[in-house]
Every structure is written in C-alpha cells, then in structure tokens.
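Enquirer: what follows is a protein structure lacking sequence information:
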C-alpha cells in the first residue's frame, strides 16, 4: 500500500480515528496500512451496530425471564459499548450460566468474540445460538457464514449463507455481502483444487531484508527497480518508510544494493504510492496534506534528469479532488492517467478513475472506469501495462480468496473493459495482495509477498506469468540522442505514430542531461518514430511489428541530429509509395505532415527533396520513378501552402545506394526519400 493510506481513512472517518491514525505512511504500503486500520474501524462499527440494528429488538423482548441474567446481559452490553471486552465477556458468561437458553446473551457474546478476532470462540457461540432457536435471529447465519469464510471453512460458509438467504431478510447491504462471500467461497473451493502456476523467486538480500519491502515500479527495460523499505531516520523513534532504487547492468545480473531516492522525495512531508512512467521520464506519487493540495491526498509528478529529481508539481484541481486521490499510473501513451480515489460519483469506498492530458497541458475531468471494474468495496493500485489495454488492480469485493486480491481486466476493440479475472491461488491468498507490476513482454511479474522462505516480513519476488493472465507483449526502442557535430547529448522530443491509424499514440522526450530515451512498442502494429529539436533536422524511423515472432528484442538506436545548415540531410523513413509507382500511400500522411510542420517552423530555409530506388529495373526507369516520387512529395507540400520557391526536387535512381542491393533488407534501405537543406533562393 502506501504513504497515503491513513489519509485515505481520515478522508472518510475523521471523527473516528484522527488521533490514532496519524503517522504510519509510505508507498504501496498504503493499502496494507489501510486494511489494518480499516479492521479497527470495522470493529468500532460492529459495536455501533450492536447497540442499534439487531439489538433494538433484543432490548424489547428478551428470551430469558431471569432478572439476574437480564441484568448481567445489560451490564455486559454496556461494557461492550465502552470497548470493555473482558468485562463484557465476564458478564455475558455469567448471564449464560444463569440461563443456559438465553439466546440474546449467546448472540452478543459471539459478536464480542468476533470483534476481537476470536473466531473459534465466536463460531462455537453462534452454533449454540442456532441450536437454541435458528429462526429468532436469522442474521446469526450471516455472521457465522462470514466467520467460516475467514477461517477458510468454505463449504460451511456456503451452507450458513444459503440458510441466511432463505430467510429473505430485507437488508440490501447484508444481502449484497452474503452474495459476495458465497461467490468467494465457491471461487476459493475451485481455486484450491486447481492452483495456478506460481514459482516466486526472491530478489535477494540486496533488495530484501528482515523488514518489509514493497514493490513500487520497475523500469520498462527492467534495469531499475523502485521500492518502499524501512530506514532509521534521525530524530524519529525506530524506523520510517522511505523510497529506494536499485540498478542492475543487464537482465542476467544481480540487483545492486538499494539506495535512497534523492530529495525532494523522502522528505518529512507525507508521500507515497510511487510509480514510474513507462518512458522513465517522470515519477508519480501521492502527497498528503501538502500546502498546495486540494484534498487529503493529491497526485504529483516529478521529472527525472539523469539520477536527479525535479520539483514536485501538483497535477491540478481538475484531476485532484477534495477527497483522497492516490496510486497514479500513467499509460504508455503518456496522456492517460489511471488512479484510485474516494471522490464523489464512485461505486464504492475507493474506485479506479481515468483522466486524459489535453493539448492545453491540463488534465481532463476524471471518468470512472465503471461498474465492470469498480464495486461497492475498494479497488486500488491500478497498473496499466505497456500494451495500454491490460489493467491489473486489487479489489476486496470482486469474488476472490479473501481480503484484497489481484485481478486483470482487458480492454476490447471498442474501448470497453472485459470482466476482471482473478489471478488465482496461490498468487492470491486469504490475506491481502495489493499490487503487481508486469514487464513489457508480459511474461514476468513482480509482487510483494510474505512467504515462508522469505527474509522476514514482506519481500519482493518475481515470477513467470502464466499465459491466461498475460497482456499482449510489447517491446521498446531505447537509445540516445546527440548532436551530430559535437556528440553532446540533446534534449529532444519524440512522437510515435501508429501508421495505419495515422494518429500519434505516444509523445515523450529524451533526458536533457544524458540524451537517453525509451519508448514502448506494443506488437502487431506498424509505427513511425519522429525525433525533433529546435534548430535541428528531424529524424524518422520505421518499426514494423506485424510479423512479430514472440521474441522480445528491443530496438537500440543512436540518433545523431544534424543542425539546420546547408548541405545537411535527413532520411524520411515513413514516406511510402505503391510498388513501381509514384502514388503516395495513405500511410505517408503522418510523415508528410511532420515535414510540413518543420518547414512552417523554419520559414527561412529551403530544401531539396530527393527520391532514391533500389537497382531492380533499368537505370532510366528508376531515374524517372525516383524523380516522380520526389515530385509527388513536393506537390503535397505546395498544396498545403509551402512556397514552391523553397522546394526543389530531384530523382537519383539507384546511383546513391546506402548499402548493398544484394539483399532484401539492403534494397529496402535504399528505397527512400531524403531532405537536404539548401541555400534559400535569392
């Protein structure tokens, strides 16, 4: 869970626990803390319930006629209301000793045991109440059934809750809960008989210790991992949760010892729910009770520059609300943000929402993911995979093994979410599984778990993802951008366009200090990559992943941008023609528009547009074809409004090959359109 759980609770329960819940906070730990404190709150609410709903009727007509037993019962009830459990137990046991058939005393004693998590005692007490009179207070079957589920006695749970349902009690909340536990008990029975493949591997002592460690994020190339762990902090008693990072050289290397993330993270301010954008350019997190916040917790972003971190920026009042907003995860398009929130308009305690980054730099009004994803309970820790269409999250009210379980939901071609799938046992247990990170290729996941073979507490593990819950695999392009003349790193901007759709799907930028960049590439699509920087010719590349064979091979690029001076050339990799013709294909439109925008932004330059072919066919044929293709590009630009005096075109046929024409790959590289900066005509 994370640093923001207490604020999550306080946003809805301020009057109950404001003094008791003040300190405990940090990263994916938030959910764990929330669940622990929520258990306390549930106990308090049980007490409130006991002096109200069922027990209104108990106060009117009790089954005992013994004045002594009734007096002891009322005294025990008052002790319970004051949270004096030991005294309450003693009084009720004496009441039962006075009247062995005092039904209400058994009921109340069972509830006192249940409130203290003395489940075995509670079960035996409820059983006795049922033996005395099962029809007097049929809600005993409801509480008995839930206890059986928590004790993993699933068949008995089903039997008790079916009995409860048979009474047709008019209580929508109880009926809904009974349906959840019935579905979960049946799911648990099936899951225990049919466990899913799960072979967790501990990440080792450089990551895990005797304390708790929680996974926050893993970089797309899997060479960086972000975690929450404990550290002794000067001036504080004991240890405090902090954000750490670890590196490794390659996928076969061991993780290095964890190191604290630099300021302004790990400050004295309350912060948590750390995540990393897929391109690695930003860290997102929740800040709670910050001076510039709008609610109990707000979502912030910090830019990473090399190994340094910039100033946190609140994502604004449209995205953040007056409630609890946390656990952000940005989709690979860099424009779609998923997060958890307790804001108004949801279906339950916390829901998963989505907001879009608009062209004006503002975030759109968040939209709820709907009742397919969200329930009347809590949905948390959204993780959107690199494919942009597979969502992993945790929930306590989709049927599962109990507590918070992990689920996966996939987006269909119409943009709708399919029914979530429980990841199964033993990935999910009767305890709480809070979050999961799945790598780009979709075959490995990282989770935090408390396992017998661990180093103590929660450790971080990796495991192979079984096929049924895998996302569509993605690869990535990674590299560095430099000045072609000085070899100095450059801050530059990237646009990844889906060629067939003709739309930009990812925008990003390189690190201004190192020039490094990383972009996700979901398979089964063709992409055009455009890299630009003011004062430089742009760079374009083409990636065809429609024939992807399932081998995860990232693209590694070293891009040298040429300054805009006469004689410098760039290749237009995403201008396409029909074979043997000069007709521009529709897939060329995105690249042609990039060229048009470049000329608009640089009105003082002129360019030569040149066409080049492979050596298939005669020299005259290819010379004519290449000239016609260069002319087609020129005509497009003139039609868009570019002054024809700024444009020259020429065909070179196969006279200027880049590489051999003896291979199919070589011929493909030689078929190209180039842009060369020339002197502006006088």
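Expert: Cool, got the structure. Please read all numbers here as calculations on a predicted model, not as lab measurements.
Enquirer: tell me how many other residues crowd residue 167.
Expert: 13 (other Cβ atoms under 10 Å). Glycine gets a C-beta too; all of them are placed from N, C-alpha and C.
Enquirer: OK, contacts around the residue nearest to it when sequence neighbours are not counted?
Expert: In space, and not counting its chain neighbours, residue 167 is closest to residue 138: 4.1 Å by Cβ to Cβ, 6 or more residues apart in numbering. Residues in contact with residue 138, defined by Cβ atoms under 8 Å, 6 or more residues apart in numbering, are 163-164, 167, 169.
Enquirer: ok, 10 Å please
Expert: Listed by Cβ atoms under 10 Å, 6 or more residues apart in numbering, the contact partners of residue 138 are 130, 163-169.
Enquirer: just the buried members of those?
Expert: 130, 163-165 (16 or more other Cβ atoms under 10 Å).
Enquirer: pick out the most distant pair among the contacts of residue 138.
Expert: 130 and 168 (18.0 Å; Cβ to Cβ).
Enquirer: run through the strands of the stretch 401-550 of the chain in chain order.
Expert: Per DSSP state E, counting those that start in this stretch, the stretch 401-550 of the chain carries strands over the ranges 405-410, 421-422, 436-438, 444-449, 459-464, 474-483, 493-498, 503-509, 516-522, 526-532, 539-544.
Enquirer: number of residues surrounding the nearest residue to residue 411 once chain neighbours are set aside?
Expert: Using Cβ to Cβ, 6+ apart and skipping residues adjacent in sequence, the residue nearest residue 411 is residue 389, 4.2 Å away. Residue 389: 18 surrounding residues under other Cβ under 10 Å.
Enquirer: low-confidence ranges in this structure?
Expert: Along the chain, the parts satisfying pLDDT under 70 run over 1-60, 232-240, 546-552, 682.
Enquirer: could you pull out the helices for it?
Expert: With helices called from DSSP state H, the chain shows them at 5-17, 29-50, 53-60, 67-81, 85-98, 103-115, 119-132, 139-150, 154-166, 172-193, 589-601, 619-640, 664-670.
Enquirer: so which of these is nearest residue 325?
Expert: Among those, the nearest to residue 325 by Cβ to Cβ is helix 5-17 (9.6 Å).
Enquirer: quick one, what contacts the nearest residue to residue 456 once chain neighbours are set aside?
Expert: In space, and not counting its chain neighbours, residue 456 is closest to residue 210: 3.7 Å by Cβ to Cβ, 6+ apart. Neighbour list for residue 210: 230, 454-457, 459 [criterion: Cβ under 10 Å, 6+ apart].
Enquirer: so which of these is the most crowded?
Expert: Going by other Cβ under 10 Å, residue 459 tops the contacts of residue 210 with 27 neighbours.
Enquirer: can I assume it is in contact with residue 206?
Expert: No - using Cβ atoms under 10 Å, residue 459 makes no contact with residue 206, being 11.9 Å away.
Enquirer: check contacts around the residue positioned nearest the centre of the chain.
Expert: Nearest to the mean C-alpha position of the chain, by Cα atoms, centre = their mean, lies residue 383 at 1.6 Å. Residues in contact with residue 383, defined by Cβ under 10 Å, 6+ apart, are 217, 275, 327, 329, 338, 390-394, 406, 408, 435-438, 445.
Enquirer: which residue ranges of the stretch 251-400 of the chain form strands?
Expert: Using DSSP E, counting those that start in this stretch, strands in the stretch 251-400 of the chain cover 259-260, 270-276, 282-288, 297-305, 308-309, 313-314, 325-330, 336-341, 351-356, 367-368, 379-384, 390-395.
Enquirer: return the most buried member of those.
Expert: Mean neighbour count (mean count of other Cβ atoms under 10 Å) peaks for strand 325-330 among these, with a mean of 29.
Enquirer: now the angle from that one to strand 390-395?
Expert: 160 degrees (axes from the mean of the first three to the mean of the last three Cα atoms, to 10 degrees).
Enquirer: angle of strand 325-330 against strand 336-341?
Expert: Strand 325-330 runs at 160 degrees relative to strand 336-341, counting by the same axes, to 10 degrees.
Enquirer: for strand 325-330, which strands pair with it and how are they oriented?
Expert: If you go by DSSP bridges, strand 325-330 pairs up with strand 336-341 (antiparallel).
Enquirer: would you mind giving the domain segments of the chain?
Expert: 15-193, 207-469, 474-678 (automatic domain parsing).
Enquirer: ends of the longest one, what's the gap?
Expert: What it means is domain 207-469. End-to-end distance of domain 207-469 (Cα to Cα, to the nearest Å): 26 Å.
Enquirer: again, but for stretch 613-625
Expert: Terminal residues of stretch 613-625 lie 8 Å apart, using Cα to Cα.
Enquirer: could you list the buried residues of that stretch?
Expert: In stretch 613-625, counting by 16+ other Cβ under 10 Å, buried: 613-615, 622-625.
Enquirer: please apply the same query to stretch 356-363.
Expert: By neighbour count, with 16+ other Cβ under 10 Å as the criterion, the buried positions of stretch 356-363 are 356-357, 363.
Enquirer: who touches that stretch?
Expert: Looking at what lies outside stretch 356-363 - Cβ under 10 Å, 6+ apart - the contacts are 299, 315-320, 330-331, 333-337, 355, 364-367, 507.
Enquirer: quick one: it to chain centroid distance?
Expert: The chain centroid and the centroid of stretch 356-363 are separated by 20 Å under Cα atoms, centre = their mean, to the nearest Å.
Enquirer: now swap in stretch 151-169 and tell me
Expert: Centre-to-centre, stretch 151-169 and its host chain are 35 Å apart (Cα atoms, centre = their mean).
Enquirer: ok, stretch 618-632 next?
Expert: Here stretch 618-632 is found 51 Å from its chain centre; the criterion is Cα atoms, centre = their mean.
Enquirer: numbering from 43 from now on, please.
Expert: I'll keep to 43 as the first residue from here, and by that count the last item is stretch 660-674.
Enquirer: can you tell me what sits against it?
Expert: Contacts of stretch 660-674 (Cβ under 10 Å, 6+ apart): 617, 619, 622-626, 630, 634, 650-659, 689-698, 713-716.
Enquirer: residue 641 contacts residue 676, correct?
Expert: No - taking contacts as Cβ under 10 Å, residue 641 lies outside contact range of residue 676: 11.4 Å.
Enquirer: intersection of neighbour lists for these two?
Expert: Counting by Cβ under 10 Å, 6+ apart, the shared contacts of residue 641 and residue 676 are 649, 684, 689.
Enquirer: in strands, which of the residues you listed appear?
Expert: Among the shared contacts of residue 641 and residue 676, the members falling in strands (DSSP state E) are 649, 689.
Enquirer: show me which of the contacts of stretch 660-674 are buried.
Expert: The neighbour count (16+ other Cβ under 10 Å) marks 617, 619, 624, 626, 630, 634, 650-657, 689-691, 693-696, 713-716 as buried among those.
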